[in-house]
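Novice: Predicted model and sequence below, questions to follow.
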Amino acid sequence: MNDRVSSPMPSAWPVPTQPTVRRTAMKAWMEGMVYLLPSLLLFGVFLFYPLARTLYLSMFSTNYQGAPIRFVGWAHFAALFQDESFWHSVKTTFFFAALTVPTTVAIAFCLALLVHEKRKGIGIFRTLFASTMGMSVAVASIIWMFMYNPAIGIMNRLLSALGFPAVSWLLDPDTALYAVAIATIWMNIGFTFLLLLAGLQNIDPSLYESARIAGLSYWRQLWTVSVPLLSPTLFFVTTVSLIQALQTFGQIDFLTKGGPVDATNVFVYAIYREAFVNYQFGFASAQAIVLFVIIAAITFLQFRFAERKVHYQ
Amino acid sequence: MKTVRFVAYYGGLCICSALLLFPMVYALLMSFMDKADIFAGRLWPERWEWTNYQAAFKQAPLGSYLLNSLFVASVITIGRLIVSSLAAFAFVFLRFPGRDAWFYICIATMLVPWEATVIPNFLTVQQLGWTNHYFGLTIPFWAMAFGIFLLRQQFRQIPYELYEAARLSGIGNFRFFCHIALPLSKTGLVTLAVYSFLDAWNMYLWPLLVTSDDRVRTVQIGLKQLQTQEMANSWGVVMAAAVVAMLPTLVLLFVGQKQLRKGLMQGAIQ
Amino acid sequence: MAFLELIDVTKSYDGKKQVVENVSVAIESGEFFVLVGPSGCGKSTLLRLIAGLESLTSGYILIDGQVANDWPPHARRLSMVFQNYALYPHLTVEQNMRIVLQAQKVPKEEQRRRCLEAAEMLGLTDVLGRKPRELSGGQRQRVALGRAIVARTPLCLMDEPLSNLDAKLRATMRVELRRLQRQLGMTVIYVTHDQTEAMTMADRVMILRAGHPQQVGAPLDIYNHPANTFVASFVGTPPMNLAEAHVLEHSLLLQNERPVRLMRRPLPKTERVTIGLRPEHIHRVALGDGHVTASIVHVERLGSETLVTFELTKQIHWTARWSGQANVTVGEVASFSFDEHALHFFDGHSKRIGPPTRREEEAFER
């Protein structure tokens, strides 16, 4: 076949031995690890260690400095699952998520649809719609706190102008969670909007063009092009918002402190109170582990689901 | 017909914007009102006053809160860019045993909510003597799976041939990282920077836990202080402080919105 | 001594399937060596093995007589031109060329001098300050070449460097590349899937198929003496006409239905063969004369020559190439003859059967 007959191997040639191969691999490994080291070190110290430590603490009674004193095994968890206020906070949290997540995504989606086509001056509206993303929890809470003020806030003035009776908003156990939810929806619209807009713009414009040529109406285009192709983004945005909602803390701390009568005592706030107000670090850790399990499960499902079901372009 | 549509469309946009922006504008207007205006529940100030702003900076150390926030947010942003880009670089360009396993470990950190680790973290930082210290406020936030993921997506857009060409001509890994990979990844870096800065500026629970001293407190915690102390009588001052606190992030957002949108597209949604 | 030598080079990614198997070849200094084959034949992998971008599964790569298997890419003193050029998009043309020299710690003055020289050679002087995206495809291609030139490495690897150019530019670049290579005395190993490029540019060609070298040699040797049917049909456009045949005493039976009587040449001893005939060896003769009579099914007129396809059997269509503008029409029945000494024979394993020995020839003529 070859015009050159391959000559038999002269024995004098140095045969590449295993050690050199291993040494190159070792060198590559070392170099790779140098780049990864900062991340791994930080994750180790501030994420994996504390997670393990949380689990550890959840099986101990602790003193007010957080040092474990007495091993109690799963007793904290047992107590937790029999504790009515724990179940109440779980229920409150999921109800809060149910109030905020679909509403936020729906509003943000509408806004994104409104400005997704390129038109004159559209950039300004895009920026304005995204602007609540720049609101911190503290700022948003302060503004809404005043708006909810029963005596001088705008909300009640609006109600009375429309002929409705005054509402005590944050001070009434029946309305407090809704009030916090409205403020939260407002706060989260910006980021959700931005992600959905990005998703819409990632859709190949030629798909719209061919839909137009086929004579599809705006609504048909919406259902046959936008929604299916946006499904990965919608899914991503929904789970991220859900996870975020389950971790709600700042608004509660500002607006209601979990009250009135625990009406807004969401999960993370309950943990915070248990740990840093009551100094029950062990018991609080048990709750934190429950939170971890819930969120890990949702995130994991998201990964799995996103891999399979949701189609990318 | 065309003009009707035009008016309806832009009118609709304006109404949406007005509704959405109302709380911000409301806060801005209030920050210029005196007490009488506020208690009368007015929407428009009778007389425009700067006194609330003066009070906010004089009565409370708002200036130093702002500087602290600026410093903390910048340090977190820069630290995150460095740490994430190094890891992302290794995941995209380097070939070494165990690389994929490490990547899954990094991805797995997304499963852990920050709140689940906050108790031991607080105890760790306390033991390190980092409470009331910038270290405690910044270093724990440098490593971030999302950042690594986003930059990894960005680096993957660089043709691998560029890396091979560099290897052939003896350009070392770090040199390639600094002179080629980073300059070619501006979108991703800017996105991560804007996102991180917003995130860090708005951080609340952690600084609440680890600072008790005005010298290192961030503006968000400052607002909380102000709110609890001044609330009853001077809403105007609190609003002025709130307006000052939201200004930097709003400006950043106005400037970086487009970039952020493009970058998030690449990183988060692929 | 050979400049670069491959000995039983084998590469497998999964330990089972070999992408490149037992390739042995020695490449001389100053040679323009082309690796050619259809896509997926392992030619690019072979190039990357030489570059050190992939590691060998077994075998040896010798550079200047030393085993270089474990040398990192930059220690091999070679440059590479990639199919997509691999230009750094954020650097200017000059910076793109200089970054190579910076890595080699060449003094600044020298860097500048070499860049200008290379730019002069390639006609890039006016665009030195531009970024790759501001250049035309041809200019980008030149910058990639320039990067190889300034490095002054003795060996340059090229991976389909012309495939992103349009046909006209490709033709001029073929000539120019060859000129540059001679002028600089570079050794080039050139990968392409285009047999025309291989034929027109190479000093020597290696034809690869599914990781196996099929034949190595000068282009015309390969054209005239293809080692097997794959090479025969791969080299040359239009490709060599092939047909399976039974060998009878003085004639061939094509596809069990069409006998062809040979007059001037002894036939091989093998019973079943594949015969091959290049289109230029088929001529038209008066109807009823010649070796075969067949109907014409397709005519391509290229101006300077005409390609005529005729139906030998239902399955076998052969093409003849005649110079000039032949006066034929589709559907016409014509007679063809061919130069019997131009016939190629391949055995049941599609391997070439050597020409008849003198003894056989003499015996035939008697």
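Specialist: Thanks, I have the structure now. Numbering: from 1, shown residues only, chains lettered A, B, ... in the order given.

Novice: Tell me the pLDDT of residue 217.
Specialist: Just so you know, I chose chain A. A:S217 is assigned a pLDDT of 80 by the prediction.

Novice: actually it's chain B I care about, not the one you picked
Specialist: At B:R217, pLDDT is 87.

Novice: okay, now it: neighbour count?
Specialist: Using other C-beta atoms under 10 Å in any protein chain shown, B:R217 has 24 other residues around it. Placement of C-beta: from N, CA and C, glycine included.

Novice: And for it, nearest residue in space, chain neighbours not counted?
Specialist: Distance criterion C-beta to C-beta, 6 or more residues apart in numbering or on different chains; nearest residue to B:R217, sequence neighbours excluded, is B:T211 at 4.8 Å.

Novice: do you know how far the one you found is from chain C?
Specialist: Distance, B:T211 to chain C, by C-beta to the nearest C-beta, to the nearest Å: 41 Å.

Novice: And that residue, how far from chain A?
Specialist: On the measure of C-beta to the nearest C-beta, B:T211 and chain A end up 13 Å apart.

Novice: so that residue touches B:Q220, yeah?
Specialist: No: with contact defined as C-beta atoms under 8 Å, B:T211 and B:Q220 do not form a contacting pair (10.4 Å).

Novice: Show me which of these two is the more surrounded one.
Specialist: B:Q220 (25 against 22).

Novice: and the more buried one, what element?
Specialist: Assigned by DSSP states H and E, B:Q220 belongs to helix B:219-230.

Novice: other SSEs contacting that helix?
Specialist: Applying 3 or more C-beta pairs under 8 Å, 6 or more residues apart in numbering or on different chains; DSSP states H and E, we find helix B:219-230 packed against helix A:137-147, helix A:250-255, helix B:62-93, helix B:205-210, helix B:235-264.

Novice: again, only using 10 Å
Specialist: Judged by 3 or more C-beta pairs under 10 Å, 6 or more residues apart in numbering or on different chains; DSSP states H and E, helix B:219-230 is in contact with helix A:137-147, helix A:250-255, helix B:51-59, helix B:62-93, helix B:205-210, helix B:235-264.

Novice: Buried deepest among those, which one?
Specialist: Each of those was scored by mean neighbour count; the highest is helix A:137-147, a mean of 26, by mean count of other C-beta atoms under 10 Å in any protein chain shown.

Novice: got the angle between that one and helix B:219-230?
Specialist: Orientation note: helix A:137-147 sits at an angle of 30 degrees relative to helix B:219-230 (axes from the mean of the first three to the mean of the last three C-alpha atoms, to 10 degrees).

Novice: what about the next helix or strand after helix A:137-147 and chain B, any contact?
Specialist: Downstream of helix A:137-147, the first helix or strand assigned by DSSP H and E is helix A:154-161. Yes: applying C-beta under 10 Å from any C-beta of the partner chain, one finds helix A:154-161 touching chain B at A:I154, A:N156, A:R157.

Novice: What segments of the stretch 51-200 of chain C are helices?
Specialist: C:93-103, C:108-122, C:137-151, C:167-184, C:195-201 (DSSP state H, counting those that start in this stretch).

Novice: Ok, the stretch 201-313 of chain A next?
Specialist: Under the criterion DSSP H, counting those that start in this stretch, helices of the stretch 201-313 of chain A are mapped to A:205-213, A:218-221, A:227-246, A:250-255, A:267-272, A:281-308.

Novice: Need the mean per-residue confidence for the third one.
Specialist: Meaning helix A:227-246. 87.

Novice: Could you figure out how far it is turned away from helix A:205-213?
Specialist: Using the same axes, to 10 degrees: helix A:227-246 against helix A:205-213 is 130 degrees.

Novice: got the CA coordinates for helix A:227-246 in CSV?
Specialist: In CSV, the C-alpha atoms belonging to helix A:227-246 read as follows (Å, rounded to 0.1, in the frame of the first residue of the first chain):
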residue,chain,number,x,y,z
VAL,A,227,-45.0,30.7,23.4
PRO,A,228,-43.6,27.3,22.4
LEU,A,229,-40.2,28.7,21.5
LEU,A,230,-40.2,30.7,24.7
SER,A,231,-41.1,27.7,26.8
PRO,A,232,-37.5,27.1,28.0
THR,A,233,-37.2,30.6,29.1
LEU,A,234,-40.6,30.7,30.7
PHE,A,235,-39.8,27.5,32.5
PHE,A,236,-36.5,28.8,33.7
VAL,A,237,-37.9,32.1,34.8
THR,A,238,-40.7,30.4,36.7
THR,A,239,-38.5,28.1,38.7
VAL,A,240,-36.0,30.8,39.4
SER,A,241,-38.9,33.0,40.7
LEU,A,242,-40.3,30.1,42.7
ILE,A,243,-36.9,29.5,44.4
GLN,A,244,-36.6,33.2,45.0
ALA,A,245,-40.1,33.4,46.5
LEU,A,246,-39.3,30.5,48.9
